[in-house]
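Asks: 3D, please:
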Amino acid sequence: MHGSELTRFVVGIIGNVISGLLFLSPAPTFWGVIKKKSTEEFHPYPYLATVMNCLLWVFYGLPFVHPNSILVITINSGGLALELVYLTIFIIYTPKAKYWGIIPLVLVGELGLLAAIATFTLLVFKTYANRSLVVGIICVIFGIIMYASPMSILKQVMKTKSAEFLPFWICVACFANGVVWFAYANIYSFDPFIATGNGIGGLLGLIQLCFWIYYTHIYNKRKPSTCHEEV
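Replies: Numbers count the residues shown, from 1 in each chain. Got it, this is the predicted structure:
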């Protein structure tokens, strides 16, 4: 392993570490959920989107789809396990009974979708190139959905003028993860699927960070005072 190939491997290791931090970033939020015994206004959709994203990337990295992608498999397998833990906690502590049915139903649907994609890909396409193309395009779509899922809370952030329910470390991790994996995809052997999904993901992470910074550190300082001096 020499030159750009070694550089790509090292960046991939860094990407695994940052992705690990991304998957771990909801942990403080869920620790708070356990202490309060309530998920309050948090949504399960980002975690459901991440489960599907991890499932697809694990499939993409398998030797009979896209060889030599062990780093993609390892990090997404770990991420999948963590997301399932978060969703279990969410089901236990959500005050909204509708999620008790929605979350298991979506998970079953995601497994069914993965099985359909795997069956179609392996039966119809016989070369690594074609399998990588089809699965890669699907991974990009769901990767963007994963990165965009926290954006669902931005409407509430703008309405309440508060970033309370926009977790800072998740925003940071999304941004850093997108940037590092975008770099990985452009070193030695260009991977358009990893580059596209993570490039857009990094941009979405930056947007979320801007919202957090604005409503946490700028908005309150610019807000006109409601206090009136007594005459």
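Asks: Tell me where the chain is predicted with low confidence.
Replies: 1-3, 150, 188, 220-231 (pLDDT under 70).
Asks: okay but residue 204 is in contact with residue 145, surely?
Replies: No. Residue 204 is beyond contact range of residue 145, at 10.4 Å (criterion: Cβ atoms under 8 Å). For every residue, glycine as well, the C-beta is placed using N, CA and C.
Asks: higher neighbour count, those two?
Replies: It is residue 204, of residue 204 and residue 145, that has more neighbours when counted by other Cβ atoms under 10 Å, with 21 against 17.
Asks: In terms of secondary structure, what does the longest helix along the chain contact?
Replies: Scanning the chain for the helix with the most residues, using DSSP state H, yields helix 98-124. Judged by 3 or more Cβ pairs under 8 Å, 6 or more residues apart in numbering; DSSP states H and E, the packing partners of helix 98-124 are helix 45-61, helix 70-93, helix 128-148.
Asks: Which positions in stretch 187-199 come out as buried?
Replies: Neighbour-count burial for stretch 187-199 flags 187-188, 191, 193-199 (criterion: 16 or more other Cβ atoms under 10 Å).
Asks: Next: stretch 161-171.
Replies: Buried residues in stretch 161-171 (16+ other Cβ under 10 Å): 163, 166-167, 170-171.
Asks: farthest-separated two in those?
Replies: Spanning the widest gap among the buried residues of stretch 161-171 are 163 and 170, at 11.6 Å by Cβ to Cβ.
Asks: Tell me how many other residues crowd residue 144.
Replies: By other Cβ under 10 Å, 19 other residues sit near residue 144.
Asks: Spatially nearest residue to it (excluding sequence neighbours)?
Replies: Nearest non-adjacent residue to residue 144, counting by Cβ to Cβ, 6 or more residues apart in numbering: residue 200, 5.3 Å away.
Asks: pretty sure the one you found contacts residue 147?
Replies: Yes. Applying Cβ under 8 Å, one finds residue 200 in contact with residue 147, separated by 6.7 Å.
Asks: Which of the two has more residues huddled nearby?
Replies: Neighbour count, other Cβ under 10 Å: between residue 200 and residue 147, residue 147 has more, with 27 against 17.
Asks: any idea which element the closest residue in space to the more buried one that isn't next to it in sequence lies in?
Replies: In space, and not counting its chain neighbours, residue 147 is closest to residue 201: 3.5 Å by Cβ to Cβ, 6+ apart. Assigned by DSSP states H and E, residue 201 belongs to helix 192-213.
Asks: Check which helices and strands that helix sits against.
Replies: Checked by 3+ Cβ pairs under 8 Å, 6+ apart, helix 192-213 has helix 128-148, helix 154-160, helix 168-185 packed alongside it.
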